[in-house]
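Undergrad: got a sequence here, can you model it:
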Amino acid sequence: MSCKEPKTLRVACFKDGRRKIITFKRSAYWWSASEGAYPLSAALGTIKKQGGWVETIPNPNYRPKGLFG
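TA: Next up, the predicted model:
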């Protein structure tokens, strides 16, 4: 992934065990392969309607830059 990898990720979680990472492309937009980009506020409403919630988790791909990197 890019060097601008965030420290934490927001993940949409559902009761049936499904999880989906909320990715941001050019400001606070949720990106879905099927629906494209739409505002995060709309995404949160959709997630809640489906009985889900949003969790913030540490990003396993995050690599802090050192002094020489």
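Undergrad: pLDDT below threshold where in the chain?
TA: Scanning the chain for pLDDT under 70 picks out the ranges 1-4, 24-39, 66-69.
Undergrad: what ranges does it have for its helices?
TA: Listed in chain order, the helices of the chain (DSSP state H) span 40-49.
Undergrad: and Ile57, what does it touch?
TA: Contact partners of Ile57, counting by C-beta atoms under 8 Å, 6 or more residues apart in numbering, are Thr8, Leu9, Val11. All C-beta atoms are positioned from the backbone trio N, CA, C, and that covers glycine.
Undergrad: now the residues you listed in a markdown table, with neighbour count?
TA: Compiled in a markdown table, those are given as follows (neighbours: other C-beta atoms under 10 Å):
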| residue | neighbour count |
| --- | --- |
| Thr8 | 11 |
| Leu9 | 17 |
| Val11 | 15 |
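Undergrad: let's see which of those end up in strands.
TA: Thr8, Leu9, Val11 (DSSP state E).
Undergrad: which residues touch the second one?
TA: With contacts defined as C-beta under 8 Å, 6+ apart, the neighbours of Leu9 are Ile21, Ile22, Thr56, Ile57, Pro58, Asn59.
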